[in-house]
Structure formats: structure tokens, C-alpha cells
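In: Below: sequence and its predicted model.
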2 protein chains.
Amino acid sequence: MTPVADGVAMTLDALRGLAREKLRGAGLAPDHADAVAETMVAGERDGCASHGIYRLLIAANSVARGVVVPDAVPVVRSPASALVKVDGGGGFAQLAFERGKPLLIERARTCGIAAMAINHVVHFAALWPEVEALAQAGLVALAFTPSHAWVAPAGGTKPVFGTNPIAFGWPRPGCDPFVFDFATSAVARGEIELHRRADRPVPEDWGYDPQGRSTTDAAAVLNGAMRTFGGHKGSALAAMVELIAGPLIGDMTSAESIRADGGRGGSPIGGELVIAIDPAGFLGDAVADHLARAEAMFAAIEGQGARLPSARRYAARAESLRDGVVIPRALHDDIMALRSG
Amino acid sequence: MTPVADGVAMTLDALRGLAREKLRGAGLAPDHADAVAETMVAGERDGCASHGIYRLLIAANSVARGVVVPDAVPVVRSPASALVKVDGGGGFAQLAFERGKPLLIERARTCGIAAMAINHVVHFAALWPEVEALAQAGLVALAFTPSHAWVAPAGGTKPVFGTNPIAFGWPRPGCDPFVFDFATSAVARGEIELHRRADRPVPEDWGYDPQGRSTTDAAAVLNGAMRTFGGHKGSALAAMVELIAGPLIGDMTSAESIRADGGRGGSPIGGELVIAIDPAGFLGDAVADHLARAEAMFAAIEGQGARLPSARRYAARAESLRDGVVIPRALHDDIMALRSG
């Protein structure tokens, strides 16, 4: 750890070691600590500070307050030939995904398409590491998860939906996968939180106050309801995420998750749906030819100066792999103050 | 056919009969004529005039100009246990979907999830009739199709994507399925066409002129590029539709489709991906309990005065089933002028 002007420079290996140590210190079982650390290091490495090592504090807090089962043992089973179901036992989602992934990949390759339900887990991370991992394995992947009911449907002003992200991964031979991962809410909830802390007004189209009126008061939106992105279309997608990653897999909707939280302010508890498709299923031995046609589309996007959704993350990654990362000093201090395991 | 003030009143059965007769007269084989007629009647019945009987003229024109193979025989096969692949042989998409549907339903029930690629078909209809049919069979359904390259990616101004609709269906016990179907473009292309005909300006955020400048000139947008809905999120979804209903299933991207059209102005030619999931796969004998939890979410949406995506269509349907429909006189005259089969 080298002190630099505005923070502490660390290699990714050193960061991983620190994260593992502190997550174990917080009481997480070693396999959970390792899986969670990997996700946080990936976020920090890719320049996503909000999903980076900062989440260590949130994770430690979730363990301390009993929101998460720190030594849950995920149980993987297959209720049908193209389905995988992982009971996460109330633990963090990462280990449950890791434990189910090999069977999901195997079933997608055997059946052509497969779906994995991850049930009864605590979510606090982005979905892109999961679809990226599947795309790295050569599969096309989709992932969905509800959160807490914070978002109003189009035409309404009361929260029903979570921020309900949709993530997608597409394998690209010889280069990083095409990946996107976005909330179906107009903005991330953390963005509104930052405005509240800075006492800055938010744009009127971000949300409603508890009385259902448009407002520029960030605190009022946090207590009222956020809006979906893209009007009725974003609202329809948010509803879809609730349904397919909630009732379809026998897990909580965002409304049920926030009720279960009972005001503790914990991370969303519930499920996640992951769908994986093997290109070889439809394409046989012509996979390479057809993936090349996808590359032509990417070239048409980048050739006019537009950016692919994952481009900024991959650029940050290349830099971090070469130079390491710099952790803001205050955050580093907070992390160092946590007990080590 | 009863003349009324502004058009011709018809029962749905009479409309179906007329559509079949005129589609056969246009040269479509009887099984294609029946399948296409059913889609048009459904559009008219549900108050979607732009996807209603008006499309008869477009379909007849597509046959006359050799864009579609009028007597194509769809070939259904299963390249993997959870995959169905229908070669539409250059015919309209409807019959290919109908022919593949029973096997898709069977595989979804056996494997838990299944995907169907419909290849080498001409598209001119909405996707909701297909996801609704699957939801009526108790399955959760998703459908995607590219179109012609008319839409610019976020950050660019040149067309790469089609209007690339996404459709979703969810079964609701004892009532019509929850269904949505929307273009990932900011508006439907037909909407811009209507502005052009009426010589009305379009909002600046609908598209770009051929030089890549924002414009309010509808004709310039039609010759330039439309925008996606929802900024970079809608753009990411449009890219996903291109990939999973194009290269993934060995079929054309929107850029390839418009190149293949070669300026004839025909309907998009290419493929479609349909995914079907059996709720019983994950839920076993608890399906009813979990579908009831979805109903609680719908109630939370409707209880605050917001509308479900399909509500307007179902209201129009109830009225049409009771009272029939009224076809605008000019359209009726144009249809009657077509040869009968």
C-alpha cells in the first residue's frame, strides 16, 4: 500500500487480500468472503466505485445486523433438464451463483438454453460480473433481479417496483464480451442519495414525493417514489423483472422484500433469474461465421463514434490491471478500522 | 356489412372471411392466408388499426412484388432438446410461428425453458399475438425481432438498429394475460410517416437528418435515422435484439435486412427469437400460490390508477367481440378492390 496524494495505491492482488481478510473478520465464512471479495475487486478494477470496495462496509454491516447468513451453504439442484435452482440459504448471492454456474453452463450446452433461479439470497452487487462470466464461457447470458419497492409504475406515483436491473452478455472471440447492466429506474438510487447528501436538487423527472407530487427534493424522492427510465416502456420492463425473478422462481417481489426488511434498511433479499443460451445450439459448426456478423454490427456502432455499453469499464480495467487502483483515503481508513479475519 | 357514418361495420367473423378471401386472391396459399388473416383480425379487434386489416394492402403488395414466398412450407426441427428451429422458407412469419408453437410448448414443459428460432420469414405484424398465445397456454414468453436498419445507436446518428420490438407475456389465471410489446425506437416508424404525410414537424428527440443533425422534419428523419427510446438503455436493448434474433439464430441483422431489400421498400426479412418458460418447472405444484403473488403486484399498479400495458387492448377487444368493428370507408374500398381468392 503506497500513499498517494488523494488516497492509497494498491495492486488488485493486495486489494483482494485485504477484502478477503476484512470480510472474514466481519464473520463471513471463507468461501463467501472469497466470492464477495472477487465481486468488489472487479467493481473497483472496472472503475465502478459504487460497486467497488466501498461495498465492504455495507457487507460487513449486513453481517453485523443479521441481515445475511454468513455461513450459508448453497444447495444446487435441477428440477428439470434445462433448469437449475440454487437455494442460497439467506447468504450473499455471489457464492450461490458460483456454485450453480457450472451446472447452468453444462445444461445450456446440452439443452441449447437453460435457466438458473438463485433463491433466498442477499443482493448488493451489480449483475454484470455474472453475465460476463457466462459470456467468457462462450454463452449468451441474461440476468434479472428485483430489489426493494422504491419505483412507481408509469401512470402512478407509489412504489411497486425495485430498481430491477437487466444485464446481458454476448461472447466476442478474441476480445472482452459485449456486456450491459442497467437499472430500469430512471437513475441509480445511490445517485439520488448523493444529491441528498450534497443538498442539491434533483431533476423533476426522477421521482415523486410521498404525496405523489413531482419534486426536486432528493430526500422527498427517497421517501416517496423513483420513476422508471423510458416512461411506460421502462415501466413494462420493470414489471417483467418483478415477475420473472420473483413469482416465476418462487421468490420475493420488491414489495415483499422491503416488507421483509421491516425498516432495517438492509440490502434487498430475494431471487435472481439467469438465462444462458449456447450459440452452438442454433448454429452448429457455423458459430464463428455468425459471431463475425455480430462484430460487423459492433464496428458500425463504434465506427460512427458511439461507444459500446461496456467500453468504459474495459478501459478502466486495462488501466487497473497495469497500474493497480487508488482507494480514497477516508474509505481506506474505514476499511482498515474493520476487524480482520 | 352495414354502412355506418364513417365506415363499414363488420362482425369479426365477416372480417376474417374477407381477409382470408383477399389474401388468397393476392396469391397466398390457404394456410398462409388463414394465419395472416388471424393476426390482422386480432389487431383490428384490439383497436390497433396500424396492425389491423390495413396491413392487408401491405401483405398483398409484398406478394405482388415477390418480397414474400406465398406458398412457403415451414420446416420444423429441434437441434437440441430445448431448442426449436423453424425455417419459414421466405414466407410470412405467422404460419412459421403456428407450425413451431406446439413443439415449443412441449419442449418448454419438458425442459422447463425452451427457445424457438423462426428463420427466413417476412415480418409485418406485432409480436403480442405470439406471446399472448403462449401465455394462454400457461407459459411465460418473450419474443424479439430485428427489422430494417432505421435507428441510430445512442451516441451516434447513423442507422444500425431496427425498431427491434420486445414482447412479453405472463399467464394470469382466470383473466387475460399480462402482455407488452414495444419498439426499442423512440416511436413507431409509422408515427413519423403520419407526421410526414400531414406535413407536421416531429419533436427534436425523435431522430436525425441524413447529415446527422437533430431535426423536426419528418421526411429528413425517415431518410436519416430514428433514435432509440430511453437513451443508452434503449440503445443497449436494441443491440441485444439485433444479436439474439440475428446472429444467435443465424439470421439477418437489421442492416443486412435493409441491404437485402435493395431499396424495394419491402417488409423486413429475417428471424425472430421466442423464449418460453413453464412456471411449473421452478414452482412444481405451487404455481397457483406464486401466480397469486403476481396478481398482488398487478393490484398494486392498478390500485393507484396506473394502467397495465395490455389494458387498453383488452378493453377494445371486449367491445369488438360484442359490437364488431368499423372499417374506415376508404380502407374498405381499397380492400374490396383487391382480387378475391
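Out: Everything's here; your move. Residues are numbered from 1 along each chain as shown, chains lettered A, B, ... in the order given.
In: Which segments of chain A make up each domain?
Out: The record's domain parsing of chain A by automatic domain parsing lists A:2-64+A:311-336, A:75-186+A:227-284.
In: For chain B, find the nearest of the ones you listed.
Out: domain A:75-186+A:227-284 (3.0 Å; Cβ to the nearest Cβ). No exception for glycine: its C-beta is placed from N, CA and C like everyone else's.
In: before we move on, back to that, which one, of the domains of chain A, ends up nearest to residue B:326?
Out: domain A:75-186+A:227-284 (27.1 Å; Cβ to Cβ).
In: measure the closest one end to end?
Out: 33 Å (Cα to Cα, to the nearest Å).
In: next one: stretch A:174-190
Out: 35 Å.
In: mean confidence for that stretch?
Out: Per-region confidence: stretch A:174-190 scores 95 on mean pLDDT.
In: Quick check: residue A:81 touching residue A:111?
Out: Yes. Counting by Cβ atoms under 8 Å, residue A:81 touches residue A:111, with 5.8 Å between them.
In: Please identify which of those two sits among more neighbours.
Out: Between residue A:81 and residue A:111, counted using other Cβ atoms under 10 Å in any protein chain shown, the more crowded position is residue A:111 (28 against 17).
In: Now do the shared contacts for residue A:81 and residue A:111.
Out: Common neighbours of residue A:81 and residue A:111, using Cβ atoms under 8 Å, 6 or more residues apart in numbering or on different chains, are B:81-82, B:111.
In: where does the closest residue to residue A:281 other than its chain neighbours land on pLDDT?
Out: Distances taken as Cβ to Cβ, 6 or more residues apart in numbering or on different chains place residue A:112 nearest to residue A:281, at 3.1 Å, with adjacent residues excluded. Listed pLDDT for residue A:112 reads 98.
In: So what's the residue count around residue A:112?
Out: 29.
In: unless I'm mixing things up, it is touching residue B:81, no?
Out: Yes. Contact criterion Cβ under 8 Å: residue A:112 and residue B:81 qualify, at 7.0 Å.
In: And the pLDDT at residue A:284?
Out: The model's pLDDT for residue A:284 equals 97.
In: and residue A:159, which of the three is it?
Out: Secondary structure, DSSP: H, G, I helix; E, B strand; the rest coil: residue A:159 is coil.
In: Please name the residues that touch it.
Out: Contacts of residue A:159 by Cβ under 8 Å, 6+ apart are A:149-152, A:224-226, A:254-255, A:258.
In: Mind telling me what element the nearest residue to residue A:46 once chain neighbours are set aside is part of?
Out: In space, and not counting its chain neighbours, residue A:46 is closest to residue A:313: 4.1 Å by Cβ to Cβ, 6+ apart. Applying DSSP states H and E as the criterion places residue A:313 in helix A:311-323.
In: and what of residue A:77?
Out: Using DSSP H and E, residue A:77 sits within strand A:75-80.
In: Work out the gap between that strand and the centre of the chain.
Out: Strand A:75-80 sits 23 Å away from the centroid of its parent chain (Cα atoms, centre = their mean, to the nearest Å).
In: what comes up buried for that strand?
Out: A:76, A:78, A:80 (16 or more other Cβ atoms under 10 Å in any protein chain shown).
In: Kindly report the same for stretch A:26-45.
Out: A:26-29, A:31-45.
In: What about those, which are in strands?
Out: Among the buried residues of stretch A:26-45, DSSP state E puts none in strands.
In: In helices only, show me those.
Out: In helices, defined here by DSSP state H, the members of the buried residues of stretch A:26-45 are A:31-45.
In: Quick check: of those residues, which lies closest to residue A:6?
Out: Among those, and counting by Cβ to Cβ, the member closest to residue A:6 is residue A:44, at 15.1 Å.
In: which residues touch that closest one?
Out: The contact partners of residue A:44, taken as Cβ under 8 Å, 6+ apart, are A:12, A:15, A:52-53, A:320, A:325, A:327.
In: Of those residues, which are in range of chain B?
Out: With Cβ under 8 Å from any Cβ of the partner chain as the criterion, those include none near chain B.
In: and the residues you listed, which of them are in helices?
Out: With helices taken from DSSP H, the overlap with the contacts of residue A:44 comprises A:12, A:15, A:320.
In: Make CSV out of those residues and add pLDDT.
Out: Shown next, in CSV, are these (pLDDT from 0 to 100):
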residue, pLDDT
A:12, 98
A:15, 98
A:320, 98
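In: Can you tell me how far the residue of chain A positioned farthest from its centre is from chain B?
Out: The outermost residue of chain A relative to its centre, with distances by Cα atoms, centre = their mean, is residue A:285 at 33.2 Å. According to Cβ to the nearest Cβ, to the nearest Å, residue A:285 and chain B sit 11 Å apart.
In: Residue A:289: what's it in contact with?
Out: Contacts of residue A:289 (Cβ under 8 Å, 6+ apart): residue A:283.
In: In which helix or strand does it reside?
Out: Applying DSSP H and E as the criterion places residue A:289 in helix A:287-302.
In: Enumerate the positions of that helix that are buried.
Out: Within helix A:287-302, the residues scored as buried using 16+ other Cβ under 10 Å are A:287, A:290-291, A:293-294, A:297-298, A:300-301.
In: From those residues, list the ones also adjacent to chain B.
Out: For chain B, the contacts drawn from the buried residues of helix A:287-302 by Cβ under 8 Å from any Cβ are A:290-291, A:293-294, A:297, A:300-301.
In: Narrow the contacts of residue A:159 to those in strands?
Out: In this view, the contacts of residue A:159 that belong to strands under DSSP E are A:225-226.
In: could I get the contacts of residue A:159 as CSV with pLDDT, distance to chain B and neighbour count?
Out: Converted to CSV, these look like this (pLDDT from 0 to 100; distance: Cβ to the nearest Cβ, whole Å; neighbours: other Cβ atoms under 10 Å in any protein chain shown):
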residue, pLDDT, distance to chain B, neighbour count
A:149, 96, 8, 24
A:150, 97, 13, 23
A:151, 98, 11, 29
A:152, 98, 8, 26
A:224, 97, 13, 22
A:225, 98, 10, 25
A:226, 98, 15, 26
A:254, 96, 9, 28
A:255, 96, 6, 21
A:258, 92, 12, 21
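In: Okay, and which of the contacts of residue A:159 map to helices?
Out: Those of the contacts of residue A:159 lying in helices (DSSP H): A:254-255, A:258.
In: Could you list every helix and strand in contact with the helix holding residue A:313?
Out: When contacts are defined as 3 or more Cβ pairs under 8 Å, 6 or more residues apart in numbering or on different chains; DSSP states H and E, helix A:311-323 packs onto helix A:30-45, strand A:175-182.
In: so how far is that helix off the chain centroid?
Out: Its chain's average C-alpha position is 19 Å from that of helix A:311-323, according to Cα atoms, centre = their mean.
In: With stretch A:315-331 instead?
Out: With Cα atoms, centre = their mean, you get 20 Å for stretch A:315-331.
In: What of stretch A:194-212?
Out: Its chain's average C-alpha position is 24 Å from that of stretch A:194-212, according to Cα atoms, centre = their mean.
In: Average pLDDT for it, rounded please.
Out: Per-residue pLDDT values across stretch A:194-212 average out to 94.
In: how near is the residue minimising distance to the centre of chain A to residue B:191?
Out: Centroid check for chain A by Cα atoms, centre = their mean gives residue A:126 as the closest residue, at 1.6 Å. In this view, residue A:126 and residue B:191 are 35 Å apart by Cβ to Cβ, to the nearest Å.
In: one step back: which one among the contacts of residue A:159 gets closest to residue A:61?
Out: Nearest to residue A:61 among the contacts of residue A:159 is residue A:258, at 17.5 Å by Cβ to Cβ.
In: need the contact list for that closest one.
Out: The contact partners of residue A:258, by Cβ under 8 Å, 6+ apart, come to A:148-150, A:159, A:268.
In: For these, name the two members farthest from one another.
Out: Largest pairwise distance in the contacts of residue A:258, by Cβ to Cβ, is 12.9 Å, between A:159 and A:268.
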